[in-house]
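Visitor: The sequence isn't on hand, but the structure is:
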DNA sequence: CTGAAAGCGCTAACAG
DNA sequence: CTGTTAGCGCTTTCAG
């Protein structure tokens, strides 16, 4: 017996009528722009309050040419994307923009996620670690500014904001070598975003130290790390391992320890992402941190610059990573 | 020197002009509703295609009374919320609704998340594991249908779809007792959504088996589990532990194993959520699974029922959980 | 089956 | 400082 009454949501006109002014005035007051006396302002505000008025975003956006809306495509599974989304909200708010989110799920691919945002008339798109191919992204960028975060894209059409992933792994390797390790293996991320850069960073760093690179296929999940650990256990253990990301490192750690190998006693291990899990007291994984604050701020700024037609020097902005040393790395055990 | 040309996005009118028909016809064709001949349909479609027309959601929503939009509030940190969002997308699509997401982040509270959705003229709200108080939710429900997922709320105003969390822990306890355990401890979730129910389920089950309940304060993160494990290690170890959720169980497992205790040799452990992490080969945690498909389908359906004024029997819909037995539970070691 | 016309709720020019 | 006047792009009567 729900009263399905005529309780239409109050509109600008309702407020105007109640306050005895024109709708335009109400609009001015609601948007906090100059053009109304303090007295009127107060009266309008009260009227709006009394009837529980809330501006209609849709109508507002429809009317104004700029929607002040940024579309964000993110993977609902990726913990790191969660961090990025948090940062993006903050960054967007600082510049007076709103975010509309569109998730990529196992059943909902990037194409669909993007399509939804396009219909919402976002001014620009920020895509986190996209899986789409370069051409698809370029096509998209022909329609509106596209900023890709946390993945490098070889296309002049899209902007990229990413961490210097090669540098990140180099930091890890340098740290291990400084500790005295001479036998450092890398477990990679396969075709995941950033994996190629990290692999390269590893190779460069190892060569620079005149050591022999050895790369094991990994991936981005704990299972991939576990598999890599089993491969590692099949032969003589290296003294240190740099792993593609924290999740993978976790799986690796787990299998290693179950096999009775001590970390960092027999093997030192580094992860990547400085995720919450790495910070856990019980895990306490040495890891490479990405600067979320920086990444998100730059991404939003770049989107706005494109919208404002600000000339842009570098299409790709690379943010330096930071090594967070914890307890999974230590000097190698002396064997003699 | 970006050509800020007059390349306005094509509108209905543009398509109409190109196809030599009226805008109304185009609207009909684009929405796939009856009222146009196959020939016209084809012609309009081609015209739209040629100029790359995309309907403007905002305008569309503004004009039609029903937005066919469901607002979803979720925690960007919670892995389980990610699963729920995936399910909600699918469920909404099946009934011809769209989702608009609004994230709760460390800096963006539920209130803000909800405010954003209200402005977007969602028809109803689906809130995942809300932290808001009952009164706040009730106030909200006075404005539009509110469906709360994965938390029970004592209010006649909002609908609830949740797992029978008490039953879930009971399943775990029954399983452990069946294995022969007589000393089962529960590590709880404090004030987290569902924690009270799980505590109660534990207590009931233990009493039913004529055992003595013992509850340790826990929480929802790995660190909480680690702390609980340390507390546990301070005294004689129980033979089994049911933990509030998988993350917490993970932290507990880790500390236990580092202390040299074997699982499930000395202690059996169960988690809750059947998260990806529990399924990892290297973790392989016995856990209670929530039926995401069911939860999300019911949530969407309930929202629609409210919108359609369908009379509703039970405000709260409770979905049975399922125990997934893995390798962290086994018969207790005989001690004599 | 098709087209003309009237708004949805709001903002942006103006003119008073 | 205030009010009037046009629409934003679309859907929806209602005639033809």
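Guide: The structure has been received and is ready for your questions. This is a predicted model, so every value here is computed, not measured. Numbering: from 1, shown residues only, chains lettered A, B, ... in the order given.
Visitor: Just list the residues touching the residue sitting nearest the centre point of chain A, thanks.
Guide: In chain A, the residue lying closest to the centroid (CA atoms, centre = their mean) is residue A:84, at 3.4 Å. Applying CB atoms under 8 Å, 6 or more residues apart in numbering or on different chains, we find residue A:84 in contact with A:74, A:128, A:149, A:150, A:292, A:295, A:296. Bear in mind the C-beta positions are built from the backbone N, C-alpha and C, glycine included.
Visitor: quick one: the second one from residue A:75, how far?
Guide: As for residue A:128, its distance to residue A:75 is 7 Å (criterion: CB to CB, to the nearest Å).
Visitor: more crowded one of these two?
Guide: Counted by other CB atoms under 10 Å in any protein chain shown, residue A:128 and residue A:75 do not tie: residue A:128 has more neighbours, with 25 against 20.
Visitor: Do I have it right that the more buried one meets residue A:72?
Guide: Yes - using CB atoms under 8 Å, residue A:128 is in contact with residue A:72, at 7.2 Å.
Visitor: Now do the shared contacts for residue A:128 and residue A:75.
Guide: Taking CB under 8 Å, 6+ apart as the criterion, residue A:128 and residue A:75 both touch residue A:81.
Visitor: So the residue nearest to the centre of chain A: helix, strand or coil?
Guide: Look at residue A:84: counting by DSSP: H, G, I helix; E, B strand; the rest coil, its state is helix.
Visitor: Model confidence for it, exactly?
Guide: pLDDT, residue A:84: 96.
Visitor: circling back: from the contacts of residue A:84, which land in strands?
Guide: Among these, the ones falling in strands (DSSP state E) are A:74, A:128, A:149.
Visitor: Would you mind measuring from residue A:78 to residue A:60?
Guide: Residue A:78 is 32 Å from residue A:60, where distance means CB to CB.
Visitor: These two: who's more crowded?
Guide: residue A:78 (21 against 17).
Visitor: and the residue of the stretch 201-336 of chain A nearest DNA strand D?
Guide: As assessed by CB to the nearest atom of the strand, DNA strand D sits closest to residue A:307 within the stretch 201-336 of chain A, at 16.4 Å.
Visitor: Identify the contacts common to residue A:128 and residue A:72.
Guide: With CB under 8 Å, 6+ apart, residue A:128 and residue A:72 have common neighbours residue A:85.
Visitor: ok so, going back, enumerate every residue touching the residue of the stretch 201-336 of chain A closest to DNA strand D.
Guide: By CB under 8 Å, 6+ apart, the residues touching residue A:307 are A:66, A:123, A:124, A:145.
Visitor: Considering those residues, which is situated nearest to residue B:219?
Guide: residue A:124 (39.2 Å; CB to CB).
Visitor: any chance you could map the strands in the stretch 51-200 of chain A?
Guide: Using DSSP state E, counting those that start in this stretch, the strands of the stretch 51-200 of chain A run over residues A:69-75, A:98-104, A:124-128, A:146-149, A:159-163, A:184-187.
Visitor: swap in the stretch 201-336 of chain A?
Guide: Going by DSSP E, counting those that start in this stretch, the stretch 201-336 of chain A shows strands at A:215-216, A:240-243, A:268-272, A:286-289, A:316-319, A:322-324.
Visitor: Report the mean per-residue pLDDT for the last one.
Guide: Which is strand A:322-324. Averaging pLDDT along strand A:322-324 yields 98.
Visitor: again with the fourth one
Guide: Across strand A:286-289, pLDDT averages out at 98.
Visitor: Pull up the pairing partners for that strand, direction included.
Guide: Within its sheet, strand A:286-289 is paired with strand A:268-272 (parallel), strand A:322-324 (antiparallel), according to DSSP bridges.
Visitor: DNA strand D contacts on chain A?
Guide: Counting by CB under 7 Å from any atom of the strand, the residues of chain A close to DNA strand D are A:20-25, A:28, A:34-37, A:39-40, A:59, A:62-63.
Visitor: try 6 Å
Guide: Within reach of DNA strand D by CB under 6 Å from any atom of the strand, chain A has these residues: A:21, A:22, A:24, A:25, A:35, A:36, A:37, A:40, A:62, A:63.
Visitor: and those residues, which two are the farthest apart?
Guide: Spanning the widest gap among the residues of chain A next to DNA strand D are A:37 and A:62, at 28.9 Å by CB to CB.
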